[in-house]
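Student: got a sequence here, can you build the structure:
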Amino acid sequence: MTEYGRGYGSEPWHPEDPLYGDQGSSGGQAQQPQWDGQPAPRYPQQQADPYAQQHYDGGWDTSQGGQLPYEPYDPYGQQHPPVDPYSGTSPDYYATPDAYPPPQPQHLRQQQQQQQQYQQQSPQYPQQTEPHYGEGDGAGDDWRAEPEPREPEPEHAFFAGGGEDDGHDDNDPREQRRAGRERRGKKNKKRRSGTACLVVALVFAGAVGTVGYFGYDFFMAHFGSAPDYEGEGSGDVQVDIPDGSTLSDMGQILQREGVIKSVGAFTEAAGDKSLQAGTYSLRKQMSAASAIELMLDPKSRNGLTIREGLRSADVYKLIDTKLHLKKGTTEGVAESEAKNLGLPSWADNSSKLKDPLEGFLYPSTYSVGGKTKPAAVLKQMVARANQVYTKYDLEGNARKLKLDSPMQLLTVASLTQAEGKYKHDFVKVARVVYNRLKPDNTETYGLLDFDSTVNYAKSQSTLDTGSVDNLRNFNDPYNTYKFKGLPPGPIGNPGEVALKSAIAPEKGNWYYFVSINPEKTLFAVTNEEHERNRRIYEKEQEKNKQ
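Tutor: Now for the predicted structure:
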C-alpha cells in the first residue's frame, strides 16, 4: 500500500491527497512523475509514489489491435488474473480445473523488479527478511499488503503506566508535553491515593484498638469471671426478699445491702438451686457461694410466712407461736407500740379502727430467730408494707380514683382480697366495689353489702352471716349492710395482686358476682341476673357434696 493509498490512475484517488489538484509548474494538471528506474522524489520532500502512473517507452503497440497491460483502475485487467509478484505465477486458488493462466508478461516482471529496488532504497519501506501478509485497506491496494516493519510488543499498561493507543503522534513535541503532563498527573494521583490509603489504615488501626480495648471490658463483664468476695463475711444484716423475686432480683437486693459483690457471681453460684422469698439473717461481704449456702440453711432463714389477706389478729398469734410466747403477747405489744413501729404519716388513727396495724403487716416471709422480739418482727412487716406502698404510689393513685386518702385505697384492696376467691377475678371484683360505692346506683343504693366486713366486725369467718334484715340491724361501723361507703379501715392485709387490682380495676357495670368453681365466676349487672347465677352456684355445691 502506498503512503496515501492512491491507485494506478493519473491523479491521486482522494481529494485530500497532497498531490490532488496540484497545479505544479504547468499550472493546470498535476505533474505526473516519470519512471526512470530510480526512486521518484516524495511530495513535497518525499520520493515519488511507486504506484503512480508510469510512462513506458517501449510499450505495447495498440495500433495492431493490442491492449494495454491493464486499465488505469483495474490493475488486474479484464483478461489476466492477478499474478504473485514473488513467484510470477497465478495463485492456485485462482486456477480453474480446465485451464491455467498464461505466463507472466515481461513488463510485469520488470515492474516487480523496479518495485523491489524501490523498497530496498526507500527509507519508508525497510527491507524485511520475512514477509508479512495482511488484508488491504485501500481502493487501490494490491491483493497482498506490503510488508510492514515489526515493532516490539508494548508493555502492559499496568507495568508501563500507560494505556491503549490514543491515536496521537508520540513524535510531536506537543504530544510529548501532553503525555508528560498526564504522567505527572498520574503520579500525583498515585501519591494522593497512597496518602488516602495510609490515612484509612491509621483510622482502621485506631478503630481496631478502641474496639479491642472496650471489647475486652465487655468480654470480662459478660463472659469473664464476675467479681466476688472471699470468705464467709462478717457482721450481721437482715435482708428482705419479696415474693415473686427472680434470682437476679435477689442478687440485686443482696448487692445493694452489701452482702455480695456482684449479681453475676450470685446467679453463677446459685445455678439451678431454688431460693425462697423471705427475710434472711446474713453477713456483710460474703462470697456468693457462702451467701447461697446460708440462705438454704433453715436455721439462718427462720422464716415466718404471712399469707395474703390474713388479719392482724391472726398474725399476732403466729408470732407468739414462733417465738414461743404467751398467747396475746404480740397483740399487747402492737396496741402499746403502734406509734413506734414506723407507720406512714397517712395511716389513720381513728378510734373507729379496730387495729391501727391492720393492712400494714405485709404478707411475706420474715426471718424470726429464737431471741427476736415481737416488736422487731412487727417493724419488719411495717417496713415491708411501706416499701410496697411507696412503689405503687398509694397517695397519688388515691387522688386519681377520687378517694379521700391512701387509707381508703388500701381498704378497697383488702375488700378485693377478702371477697375475691381467685386472683384472676380480682380486677372485676375491685370494679364491683367501686360500682357499689356510687351513691346513685339503684342496685345497692351506696351500700357494699359484703359479708366479709360483717365477719371482720364479729371476728369470725363464716358464710352464714344471717339474714339481710338481721344484718341491717347490726350496729357496727364495719357493717356494710347498714352503713354506706367503705368501712373505717382495711379488714385484712392485702397482697400485691389485690393492691394492683384496686389501683387499676377492669371496666364494667357489674354489681354482683358469685364464684361457681376455680375456673368460673359469674358477674351480673342486675339482681335478677344475680339470682339466676346463685341458683347455678347452689346446684354446683350440691354436686360437690354427692
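Student: for this protein, which residues score under the pLDDT cut-off?
Tutor: 1-105, 107, 118-177, 179-194, 197, 200, 205-224, 298-302 (pLDDT under 70).
Student: so where do the strands sit in it?
Tutor: 234-241, 278-284, 303-305, 365-367, 512-517, 520-524 (DSSP state E).
Student: give the pairing partners of the fifth one; include direction for each.
Tutor: Which is strand 512-517. Each strand paired with strand 512-517, and its direction, by DSSP bridges: strand 520-524 (antiparallel).
Student: please apply the same query to the first one.
Tutor: Based on DSSP bridges, the strands next to strand 234-241 in the sheet, each with its direction, are strand 278-284 (antiparallel).
Student: got the CA positions of the strand it pairs with in CSV?
Tutor: Presented in CSV, the C-alpha positions along strand 278-284 are these (Å, rounded to 0.1, in the frame of the first residue of the first chain):
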residue,chain,number,x,y,z
GLY,A,278,-38.4,-14.2,103.0
THR,A,279,-36.2,-12.3,105.5
TYR,A,280,-32.7,-13.7,105.9
SER,A,281,-30.1,-13.1,108.6
LEU,A,282,-26.9,-12.8,106.5
ARG,A,283,-23.4,-11.2,106.9
LYS,A,284,-21.6,-8.3,105.1
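Student: can you list contacts of that strand?
Tutor: 232-241, 254, 257-259, 291, 294-295, 300-303, 305, 364-369, 380 (C-beta atoms under 8 Å, 6 or more residues apart in numbering). All C-beta spots, glycine's among them, are computed from the backbone N, C-alpha and C.
Student: flag every buried residue along it.
Tutor: Residues of strand 278-284 classed as buried by neighbour count (16 or more other C-beta atoms under 10 Å): 278-283.
Student: do the same with stretch 484-495
Tutor: Buried, per 16+ other C-beta under 10 Å, within stretch 484-495: 486-495.
Student: ditto for stretch 251-270
Tutor: In stretch 251-270, counting by 16+ other C-beta under 10 Å, buried: 251, 253-255, 258-270.
Student: also stretch 431-442?
Tutor: Buried residues in stretch 431-442 (16+ other C-beta under 10 Å): 431-433, 435-437.
Student: now, which of those residues sits nearest residue 529?
Tutor: Nearest to residue 529 among those is residue 432, at 13.3 Å by C-beta to C-beta.
Student: who's in contact with that closest one?
Tutor: By C-beta under 8 Å, 6+ apart, the residues touching residue 432 are 419, 510-513, 523.
Student: filter these down to the buried ones and hand me the PyMOL line.
Tutor: Buried subset of those, written as a PyMOL selection, criterion 16+ other C-beta under 10 Å:
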select buried, resi 419+510+511+512+513+523
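Student: next up, the contacts around residue 310.
Tutor: Residue 310 neighbours (C-beta under 8 Å, 6+ apart): 361, 363, 492-493.
Student: can these go into a markdown table with extra columns for distance to residue 456?
Tutor: Output for the contacts of residue 310, formatted as a markdown table (distance: C-beta to C-beta, whole Å):
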| residue | distance to residue 456 |
| --- | --- |
| 361 | 15 |
| 363 | 17 |
| 492 | 7 |
| 493 | 12 |
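Student: closest to residue 327 out of those residues?
Tutor: residue 361 (17.8 Å).
Student: still on that earlier bit, among the buried residues of stretch 484-495, which are located in helices?
Tutor: If you go by DSSP state H, these have nothing in helices.
Student: distance to residue 427 added to those, as TSV?
Tutor: Shown next, in TSV, are those (distance: C-beta to C-beta, whole Å):
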residue	distance to residue 427
486	19
487	21
488	25
489	23
490	19
491	19
492	18
493	20
494	14
495	14
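Student: reformat the buried residues of stretch 431-442 as CSV; add distance to residue 537.
Tutor: Converted to CSV, these look like this (distance: C-beta to C-beta, whole Å):
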residue, distance to residue 537
431, 20
432, 16
433, 20
435, 20
436, 19
437, 25
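Student: how many neighbouring residues does residue 195 have?
Tutor: 10 (other C-beta atoms under 10 Å).
Student: what do you get for residue 361?
Tutor: Count around residue 361 with other C-beta under 10 Å applied: 28.
Student: hang on, isn't it packed against residue 380?
Tutor: No: using C-beta atoms under 8 Å, residue 361 is not in contact with residue 380; the gap is 9.5 Å.
Student: do you know how far the spatially closest residue to residue 324 that is not a sequence neighbour is from residue 321?
Tutor: Spatially, and ignoring its direct neighbours in sequence, residue 324 is nearest to residue 370 (7.8 Å; C-beta to C-beta, 6 or more residues apart in numbering). To residue 321, residue 370 is 13 Å away according to C-beta to C-beta, to the nearest Å.
Student: same thing with residue 466?
Tutor: Distance from residue 466 to residue 321, by C-beta to C-beta: 32 Å.
Student: how many other residues sit next to residue 320?
Tutor: 17.
Student: likewise for residue 116?
Tutor: Neighbour tally, residue 116, other C-beta under 10 Å: 13.
Student: for residue 106, see how far away it is.
Tutor: 16 Å.
Student: same check, this time on residue 304
Tutor: 141 Å.
Student: which of the two has more neighbours?
Tutor: residue 304 (22 against 10).
Student: partners of the more buried one in the sheet?
Tutor: residue 366.
Student: use 30 as the first number from now on
Tutor: That works, and once the first residue is 30, the last one we named lands at residue 333.
Student: tell me the contacts of it?
Tutor: Residue 333 touches 347-348, 351, 394-397, 406, counting by C-beta under 8 Å, 6+ apart.
Student: of the residues you listed, keep whichever come out buried.
Tutor: Neighbour-count burial (16+ other C-beta under 10 Å) is assigned, among those, to 347-348, 351, 394-397, 406.
Student: now for residue 559, how many residues are close by?
Tutor: So residue 559, with other C-beta under 10 Å, has 18 neighbours.
Student: that one contacts residue 541, doesn't it?
Tutor: Yes: using C-beta under 8 Å as the test, residue 559 is close enough to residue 541 to be in contact (3.6 Å).
Student: now the common contact residues for these two.
Tutor: In contact with both residue 559 and residue 541: residue 553, using C-beta under 8 Å, 6+ apart.
Student: tell me which residues in stretch 487-500 are buried?
Tutor: For stretch 487-500, using 16+ other C-beta under 10 Å, the buried residues are 494, 500.
Student: separation between residue 334 and residue 347?
Tutor: 8 Å.
Student: which neighbours do those two have in common?
Tutor: Between them, residue 334 and residue 347 share no contacting residue, judged by C-beta under 8 Å, 6+ apart.
Student: just the ones of the buried residues of stretch 280-299 in helices?
Tutor: Those of the buried residues of stretch 280-299 lying in helices (DSSP H): 280, 282-284, 292-299.
Student: if we can go back for a sec, next, format the buried ones among the contacts of residue 333 as CSV and append distance to residue 233.
Tutor: Converted to CSV, the buried ones among the contacts of residue 333 look like this (distance: C-beta to C-beta, whole Å):
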residue, distance to residue 233
347, 69
348, 69
351, 68
394, 57
395, 60
396, 58
397, 64
406, 65
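Student: and of the residues you listed, the nearest to residue 488?
Tutor: Using C-beta to C-beta, the buried ones among the contacts of residue 333 come closest to residue 488 at residue 347, 16.2 Å.
Student: the closest one reaches residue 335, doesn't it?
Tutor: Yes: applying C-beta under 8 Å, one finds residue 347 in contact with residue 335, separated by 7.1 Å.
Student: which non-adjacent residue is nearest residue 363?
Tutor: Nearest to residue 363 is residue 386, by C-beta to C-beta, 6+ apart, at 5.4 Å.
Student: residue 391 now?
Tutor: residue 414 (3.8 Å).
Student: try residue 340
Tutor: Nearest non-adjacent residue to residue 340, counting by C-beta to C-beta, 6+ apart: residue 521, 5.1 Å away.
Student: quick one: contacts for that neighbour?
Tutor: 338-340, 387-388, 443, 446-447, 485.
Student: for residue 445, give its distance to residue 137.
Tutor: 128 Å.
Student: fine by me, we can end here.
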